[in-house]
Every structure is written in structure tokens, then in C-alpha cells.
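K.L.:
Sequence first, then the predicted structure:
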Amino acid sequence: MLSKKIEFLLMRKITSKPLMDWIINLKTKAIGKTKLENKKSFFIKNENKEEHIKNLSKDGYTILDFKLSSEIVESIVKYSEEIKCYDDYNDPTKPINIKNIPIETHVANYRRDQLVQFKKIMDIANDQSILQVVQEFLGAKPTISNLNMWWSFGGRKQAEHAQLFHRDMDDWRFCKLFIYLTDVNEKSGPHIYVKYSSTSAKLRKIKRYSDSEVEGTFGQQNVKTFIAPKGTAFIVDTYGFHKGLLPERENRLLLQIQYSLFPIGIEEYVPVNIENNSYDTYINRLIVK
């Protein structure tokens, strides 16, 4: 049996859409689905779930019905001030001082084990309506395979890394919940997504692409810019082309929860103990003991 890391690397080499779809179908059948409760959601009207599933499958993204309350947004931002974040590209061991950011730092990430310990973030990740939409999109019971929160800093000379167009290839099928924790306009690093690209057979090699390559292939009219106030949430199939636009002035804080079929092959998971743990043990098995 292949190790998870080798399977991850081989998976990223597959450029044939029919082959990928065939493998995904086998894997989702093996996992199966589970019954999820109809509880009040932070984000989704009950009657709109089918529309969100359709949008995610067809367009590659769906913008959710409700913004996260200002009270919860403020509590997460306050928590971010109490924990450390790191420049994983330049020095992943040295915390970044948010009040004195090095000019070479484009992005600073918080650590998953600390995000897991904040109940409001875990409640968001386990929102039952989100899980229902995600399960139908994935075709099987979801796994929370990552929690991330990061700052993107303005005033840098040029875009780097995920600020260039790319496809994610984290698992056979996966999607991500994004929540803006700061107001985002055209100058503060909006998320950019290419509509319909998630199901396209074009440009499937995993690498960074230029704007001209992507727009020339999919059409500029299909490039969606997510300008929205803080609290806005959207689910995205990030196998579709996307990038975080380089902020010109203001800094952007974003929370991301990733849902997939399996653990991400190159991730090292160390589940942590948390208080008041009533979350589904399978869905949360990678992050919670």
C-alpha cells in the first residue's frame, strides 16, 4: 500500500480529468456518507442548501447567506492578538511582530494547534449546514484536514507564491471555507477565483500561472473578485484557479477551514485535547484527540 506522502505526490501528477474522476468515484463510495443534524447555521439558510451545493459543483464557489456576526469576528481577531503567527516562507520558527512587520514578509500564518483550541473557530468548522453542503459536494463524509488563519500584508513590491494563479491539489477532492476577518476592498487583497475552472480539463498541470495564461484560457469575464465586508463567508473548490491578490495598502486577515476526503498527504497531524469536545470524532479526528 502506498504511503500517504507518495500517493499525494503521484496524485498531483495526474492531468487526465476522466482518470481523476474515476478514482474519486471509487474513493467516495468506499467512505460513504453520514447523517448530519439540521441545526441553526452561522452562514446558511436551510432552504438554500441545495443552491449552495449546485453553485459549488458548477461554478466552483458559493457565497453564503449570512455574514459571521461582528461579535464573533471581533472575538477571533482578539484571539489572534494573543497567539503567535509566523512567516513560513522566510523563517517558520521566529514569530512575527504584527506591529513591526519585516518588509520581506508577505504572509504570516497562525498555527493549527492554537486555532483548534478556540471554541468559536471549532464551532464554525463544525457548522452542520456547512458540513451538509460539503458532504454533498465531496460525495462522502468530510474530514476537517486543516485550519488556517493568516495575515496578508500590503505595500510589497510584487506578488509571491499563492498571490499568483494556481490550482490547489491537496486531496482527491476537497474544498475550503473562507471567512474575511477584515473588510476587503480592491486594494486590500481580495480573493480571486476563476469560475468554471474547477471542472475544466484545461491547464491541469500543478504550477503557478500568469494572469494572461488563465484569462486567455477561461475568459476575463469568468475571473471573480471577492470584495466584501468582514464576516463574509464563501466555500470554494480551490482545485479551480485562484489567488489572493497582493494587497496594495491595507492588511487582510482571513480564516480558512479545509474539508477533504482524506488527510493531506504532506501534513503532520498532532491532535490536541480541547475542552467541551462534543464534535464528531471522525470529522475532527486529525485535529482533536
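P.N.:
Structure's in. What do you need?

K.L.:
contacting residues for the spatially most central residue of the chain?
P.N.:
Per Cα atoms, centre = their mean, the C-alpha nearest to the average position across the chain is that of Lys176, at 3.2 Å. Neighbouring residues of Lys176 by Cβ atoms under 8 Å, 6 or more residues apart in numbering: 168, 235-236, 238, 256-259. Using the backbone N, CA and C atoms, a C-beta is placed for each residue, glycine as well.

K.L.:
can you do 7 Å?
P.N.:
Contacts for Lys176 (Cβ atoms under 7 Å, 6 or more residues apart in numbering) come out as 236, 238, 256-258.

K.L.:
so which two of those are the farthest from each other?
P.N.:
Thr238 and Ile257 (12.2 Å; Cβ to Cβ).

K.L.:
pLDDT wise, what is Asn251 at?
P.N.:
Note on Asn251: pLDDT of 89.

K.L.:
Sorry, wrong one. I was asking about Leu36.
P.N.:
Per-residue pLDDT puts Leu36 at 94.

K.L.:
what does Gln158 give?
P.N.:
For Gln158, the predicted pLDDT is 65.

K.L.:
picking up where we left off before, tell me which element the residue nearest to the centre of the chain falls in.
P.N.:
Under the criterion DSSP states H and E, the helix or strand holding Lys176 is strand 174-180.

K.L.:
Which elements pack onto the helix or strand that that strand is followed by?
P.N.:
Downstream of strand 174-180, the first helix or strand assigned by DSSP H and E is strand 191-194. Under the contact criterion of 3 or more Cβ pairs under 7 Å, 6 or more residues apart in numbering; DSSP states H and E, strand 191-194 touches strand 223-226, strand 242-244.

K.L.:
Now render those strands as a markdown table, adding distance to Leu26, mean neighbour count and mean pLDDT.
P.N.:
As requested, those are arranged in a markdown table below (distance: least, Cβ to Cβ, whole Å; neighbours: other Cβ atoms under 10 Å; pLDDT from 0 to 100):
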| stretch | distance to Leu26 | mean neighbour count | mean pLDDT |
| --- | --- | --- | --- |
| strand 223-226 | 32 | 18 | 96 |
| strand 242-244 | 27 | 24 | 90 |
